[in-house]
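[1] kindly return the folded structure for what I paste below:
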Amino acid sequence: MLANKFRIGSASRGAAPRPVSRVSTVRVQAAKNPVCEAYAKALIDLSDEKGKLEAVHTDMETMGALLTSNAAFKELLGNPVVEPEQKRLVLNKLGKDGNFNEYTNNFLNLLNVKDRLSLLDQILESFELQYCTLTDTQVATLRSAVKLEQEQQFLIAKKLQELTGSKNIKLKPVIDKALIAGFVVEYGSSQIDLSVHGQIEKVAESINTDMLQKMA
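    Now for the predicted structure:
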């Protein structure tokens, strides 16, 4: 599942809207481990200070996608039996193939040296939370029965920005056939339901309410 980040104010009139970056998904959950939070904050602070925050963020989400989609890769990094040198070679090749920023490569090698690679998924979660706070980014899940066009996602993000007042909107598209048509946007503790399934449920609820009132 991929996510699109939009900076609404940067779009020019008449031009086709584009996401600032196309990135993989990292689940946004509260990371309670103080060690993970400390490592994530150190990377956030350094990359922000050096003007490389967006590049490092993209690298971190690429790592998140690999951990999610490649169980063997995740197991290798967290396996204490695998020699650190072997892990270093894997990480170096990954960094080279993925054209990672030098701060990303240094950070991953530091985790290897400190034997913290088993915490990488939690560190990524904490990094994402701190990144969104720092950049005033509202993360929202966009569920739809079919894949929405880029322009449709842009308009939804624009409306969500008006509702939340956030500088950036990050949509995480999810295909949900049960919705039949339309879409549902979930952000924070709020939800916008413009799906056919949601409308059917509202009609059914209204009918049930009317029936109960007539039977009373």
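[2] from here on, contacts and neighbour counts on C-alpha atoms
    Noted.
[3] ok now stretch 107-121, how far from the chain's centre?
    Stretch 107-121 sits 21 Å away from the centroid of its parent chain (C-alpha atoms, centre = their mean, to the nearest Å).
[4] any idea where the strands of the chain begin and end?
    Secondary structure of the chain (DSSP state E): strands located at 2-6, 21-24, 137-144, 168-175, 183-187, 190-193.
[5] out of those strands, which gets nearest to residue 44?
    Closest approach to residue 44 among those (C-alpha to C-alpha): strand 137-144, 14.7 Å.
[6] got the contact list for residue 78?
    117, 118, 119 (C-alpha atoms under 8 Å, 6 or more residues apart in numbering).
[7] what distance do you get for the last one to residue 35?
    Translated: residue 119. Using C-alpha to C-alpha, to the nearest Å, residue 119 is found at 9 Å from residue 35.
[8] now swap in the second one and tell me
    Plainly put, residue 118 is 12 Å away from residue 35 if you go by C-alpha to C-alpha.
[9] who has more neighbours, the two?
    Set side by side, residue 118 and residue 35 show more neighbours around residue 118, with 17 against 14, by other C-alpha atoms under 10 Å.
[10] correct me, but the more buried one touches residue 79?
    Yes - the criterion here is C-alpha atoms under 8 Å, and residue 118 meets it with residue 79 at 7.5 Å.
[11] do you know how far residue 66 is from residue 120?
    Between residue 66 and residue 120 the computed distance is 11 Å (C-alpha to C-alpha).
[12] who's more crowded, these two?
    residue 120 (23 against 16).
[13] can you show me the helices along the chain?
    Taking DSSP state H to define them, one finds helices in the chain at 34-49, 53-69, 71-78, 84-97, 102-113, 120-134, 150-164, 196-215.
[14] now do the third one, average pLDDT.
    When pLDDT is averaged along helix 71-78, the result is 94.
[15] next one: stretch 121-134
    Regarding stretch 121-134, the rounded mean pLDDT is 92.
[16] in it, which residues are buried?
    Under the neighbour-count criterion of 16 or more other C-alpha atoms under 10 Å, stretch 121-134 has 121, 122, 123, 124, 125, 126, 127, 128, 129, 130, 131, 132 buried.
[17] same deal with stretch 40-47?
    Those would be 40, 41, 43, 44, 47, for stretch 40-47 by 16+ other C-alpha under 10 Å.
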